[in-house]
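Q: Have a look at this fold, sequence not included:
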């Protein structure tokens, strides 16, 4: 019983630590005072910072740019990452395997400043050598984001593939399907959850990235994190709180909604398996 | 008997480890051939090479007189039924079965007809629209079987087909499998570690040990005329004793065994040198157990009953013979009531017929 | 043209496939030996491997080589602001100028050396604190009932999906001199004057621990969840008290998870830029900030590159250890 209390205590303190900052941001986004941390009881709660946010052209443009880049990044990263995950999980040994394995693990821990610097220098050298990419902007940011995001997708896909044995794929081959067909009709449908979460993860990583974008962005391509960061350096700013609150709300809805839906699916599955096992 | 599958000196090495060692085998059309052996004996590796998931390091495999070298699994005329069934979880039973036919580019109508027919044969028509997780173990097995048979393969490879079923279901399925096989005339190659399964299903059994085929024969052949101590010990239970030849004639041999503490008289000749070390193996059901000493000097030992296992249809006795060794004897319980039944710690005489003992030279 | 004549069978087979017309065209215009090589060697499997491999080679590996090369160059007022390594020195002479000065500079100037040490220290302490907070949480979640477990995991993941930047920002509001924490403590009468928490080591520790906590909890949880509880029961049955069982059975078994979690926090934390920029000290910079300053403020790309190379050298061993653990974890599942 004592361990129960200790466990509960650990969880409560831990989650309090995780959520109090978020809650404080949310609360103060409704604060009328410009001094973000002093609650102006007379005039609050107010939505004026939300209005300010939505009329701020710079922020809106940056947000839209970030979403575009993130969507492109996620889509490309998912293709490359799934291929890499498939290759590492299913294709036995081959020349260059260790290198591929290393190149899909290192980005997971590589400090952003190193990745950002190295990619910028690459783009400049490439421009000098072959004239492409011309200048830095959406294209370079996307390429940079894809490179580190695909590592995450690879890990997710690889671990899901490693989890289920290849007898399903062998059975399909035994029934006459060629390898490409096996991949598209058997493997892909089964790893779809991994691919979906990989897409979402890549999207978030790209959307949220600051350091790498700062290195490889060009004039006129400011992503949302870049805009917010420069605001932050000047101090605390309530419209940022408003932005944070909106974001938290969207994410919370998404995550909670998604997992409730998945739970429902699982419960249904479990019920059906039980019925089958009992002989109906 | 027409030869359908031929293995010529098939060897498979994984680095230094030899999983399959120079196996040569012929399997005839329409027969049920069982590869029987313990885990790690190489039977599954051999099956996978037949299916095309693995290639031999040396040697050739011929199916229907065609060399299978370089031919991938999806182009071979054989189909496999996997131990785990490997049903596609995101497809209904119907779609699972239809998958193989879709690869043959048949018309919708023909696919529909054939799937319907095979569902009927395995008696799973009402479950066609269910997904694998909505089916019980036995039902899944039937769908897996249907899926592998619907393409009308001449050769079906089965990997431990009855392993996941409970005893009652296993018996029932065994006979159904036999029925289906006979009806469709497919050649079966079954891999199993369960001797009962092998004995029931097979027309011929190939016993494997450490990558090699140690004996091939019909179930009675394997059981009553094993060619080595390994096979004798592997199939069923056996009482094995080491001894040496004292008499070696064309029509009989006599063996003296210290372990047995008696002479064994066998009524046929064997090929071995006099004085050579041989082993006698006697099956438990061939031994007679009685309170009175039977006539004769050979094939008789005395002992004390140490353990009795009453199994309903028969009783098994563990008898400690005078030499100290234990012998296993089984007797059917022919009469219902027997106050006279042999009991623990009784002194008994064990005897057997001159034709009952198996003599092994290896 | 000549291809179709020389390799009629191959061209016939290819033209009937899915990408038939494409291959046919390629076949006609490319030199015969080359296209034969491509078509016989670049089978489907190799193509699949090649796509991610080549991308990563070009966009992940090659950049490091370029950084290495530029670290030997010297800064110039130009675009790009560094001198090329190979220069045409006239009279058919090519000069390679390797400027080791950048590295010498780093090794002798105190600023860089102390920054490296400081960064490693901060990252290590943060990783350790993260472990102290994350381990009990992961343990508690792993021992909870399945329904609660998914709820808890959700709660752990949720902050991770919101913006990293904004979550660090949240702490500014809390830690400022007129921030929430100080205001609450003063209102409660616990303190008289605000405690300085911004621009301190303490703030950086909090920032890093807060941001990287999910990265610590998840691998720990993944490991703890797989533990066979019958082992714990066996230990108890043999007379071990709960604490002993934990120290002698659970903790050793969770070591791989601990190492993975610590590395996942430590390695990126060494090069952190955002957190020290917003919350960290002005008098002692972490190496990530040093690199960014060299690059953006001083426009000294060669020195920035040298800083990066040193950072890589520092981190290469932990990265390789992490890679080894990752691949072992994934191989073990097969």
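A: On my side now, so go ahead. A quick note: this is a predicted structure, and the numbers were derived from the prediction, not measured.
Q: hey, let's count contacts and neighbours off CA atoms from now on
A: OK.
Q: How about residue C:171, nearest residue that isn't a chain neighbour?
A: By the measure of CA to CA, 6 or more residues apart in numbering or on different chains, the closest residue to residue C:171 outside its immediate chain neighbours is residue A:21, 6.2 Å from it.
Q: ok, and for stretch C:288-303, which residues are buried?
A: C:288, C:289, C:290, C:291, C:292, C:294, C:295, C:299, C:300, C:301, C:302, C:303 (16 or more other CA atoms under 10 Å in any protein chain shown).
Q: Against which helices or strands is the helix or strand harbouring the second one packed?
A: Read that as residue C:289. Per DSSP states H and E: residue C:289 is located in helix C:287-292. Contacts defined by 3 or more CA pairs under 8 Å, 6 or more residues apart in numbering or on different chains; DSSP states H and E place helix C:287-292 against helix A:112-130, helix C:110-143, helix C:301-332.
Q: that's a helix at residue A:149, yeah?
A: Yes: counting by DSSP: H, G, I helix; E, B strand; the rest coil, residue A:149 is found in a helix.
Q: What about the closest residue to it other than its chain neighbours, how many residues nearby?
A: Leaving aside its chain neighbours, residue A:149 sits nearest to residue A:202 (5.2 Å; criterion: CA to CA, 6+ apart). By the criterion of other CA atoms under 10 Å in any protein chain shown, residue A:202 has 29 neighbours.
Q: Quick check: residue A:202 touching residue A:76?
A: No: Residue A:202 is not in contact with residue A:76 according to CA atoms under 8 Å; the separation is 9.5 Å.
Q: I'd say residue A:241 and residue A:26 touch.
A: Yes: if you go by CA under 8 Å, residue A:241 and residue A:26 touch, sitting 6.5 Å apart.
Q: So for the two, which residue has more residues nearby?
A: Remark: of residue A:241 and residue A:26, residue A:241 carries more neighbours, 28 against 20, as counted by other CA under 10 Å.
Q: list the contacts for that one?
A: By CA atoms under 8 Å, 6 or more residues apart in numbering or on different chains, residue A:241 lies in contact with A:25, A:26, A:28, A:29.
Q: and if you look at residue A:131?
A: Contacts of residue A:131 (CA under 8 Å, 6+ apart): none.
Q: For it, what are phi and psi?
A: When read as degrees, to the nearest 10, the backbone of residue A:131 gives phi 80, psi 0.
Q: follow-up on the earlier one: what helix or strand is the residue nearest to residue C:171 on?
A: If you go by DSSP H and E, residue A:21 is part of helix A:2-28.
Q: Can you list the buried residues in that helix?
A: In helix A:2-28, counting by 16+ other CA under 10 Å, buried: A:7-8, A:10-11, A:14, A:18-19, A:21-22, A:24-28.
Q: Can you add pLDDT and give the residues you listed back as TSV?
A: What follows is the buried residues of helix A:2-28, written out as TSV (pLDDT from 0 to 100):
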residue	pLDDT
A:7	84
A:8	87
A:10	87
A:11	89
A:14	90
A:18	90
A:19	91
A:21	89
A:22	89
A:24	86
A:25	85
A:26	86
A:27	85
A:28	83
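Q: ok, so of the residues you listed, who is nearest residue B:320?
A: Taking CA to CA as the measure, residue B:320 lies nearest residue A:7 of those, at 60.1 Å.
Q: Next up, phi/psi of residue B:291, please.
A: phi -80, psi -30.
Q: got it, and the one 3 residues further on?
A: Residue B:294 adopts backbone torsions of phi -80, psi 160, taken as degrees, to the nearest 10.
Q: quick one, what contacts it?
A: Taking CA under 8 Å, 6+ apart, we find residue B:294 in contact with B:300, B:349, B:351.
Q: residue of the stretch 201-334 of chain C with the smallest distance to chain A?
A: Nearest residue of the stretch 201-334 of chain C to chain A: residue C:268, at 4.5 Å (CA to the nearest CA).
Q: Quick check: buried residues in the helix or strand containing that residue?
A: Assigning secondary structure by DSSP H and E places residue C:268 in helix C:255-270. Neighbour-count burial for helix C:255-270, with 16+ other CA under 10 Å as criterion, is recorded at C:256-270.
Q: what does stretch A:219-229 give?
A: Result for stretch A:219-229 [16+ other CA under 10 Å]: buried residues A:221, A:222, A:223, A:224, A:225, A:226, A:227, A:228, A:229.
Q: Name the nearest residue to residue C:124, ignoring sequence neighbours.
A: residue C:266 is the one closest to residue C:124 (CA to CA, 6+ apart), at 6.0 Å.
Q: To clarify, my last question referred to residue C:118.
A: Excluding its sequence neighbours, the residue lying closest to residue C:118 (CA to CA, 6+ apart) is residue C:286, at 6.5 Å.
Q: surely that neighbour meets residue C:271?
A: Yes: shown here, residue C:286 and residue C:271 form a contact pair, counting by CA under 8 Å, at 7.5 Å.
Q: mean confidence for stretch C:199-211?
A: For stretch C:199-211, the mean pLDDT works out to 93.
Q: same deal with stretch A:110-124?
A: 92.
Q: same deal with stretch A:92-102?
A: In the prediction, stretch A:92-102 has an average pLDDT of 87.
Q: And stretch B:219-234, by the same measure?
A: Average pLDDT, stretch B:219-234: 92.
Q: Span of that stretch from start to end?
A: Chord length of stretch B:219-234, first to last residue, is 13 Å (CA to CA, to the nearest Å).
Q: Tell me the buried residues in it?
A: Those would be B:219, B:222, B:223, B:225, B:226, B:227, B:228, B:229, B:231, B:232, B:233, B:234, for stretch B:219-234 by 16+ other CA under 10 Å.
Q: now do stretch B:15-29
A: Under 16+ other CA under 10 Å, the buried positions of stretch B:15-29 are B:18, B:19, B:20, B:21, B:22, B:23, B:24, B:27, B:28, B:29.
Q: any low-confidence regions in the chain?
A: Answering for chain A, as no chain was given. Residues of chain A meeting the criterion pLDDT under 70: A:1-2, A:35-38, A:40, A:42, A:44, A:236, A:279-280.
Q: not quite, I wanted chain B
A: Along chain B, the parts satisfying pLDDT under 70 run over B:1.
Q: And it, what are its domain boundaries?
A: Domains of chain B are assigned by automatic domain parsing as B:3-232, B:239-360.
Q: Do any residues in the first one lie close to chain A?
A: This points to domain B:3-232. Yes: Domain B:3-232 reaches chain A (CA under 8 Å from any CA of the partner chain) through B:51, B:53, B:73-76, B:78-80, B:82, B:84, B:86-88, B:90, B:99-100, B:103-104, B:133-137, B:148.
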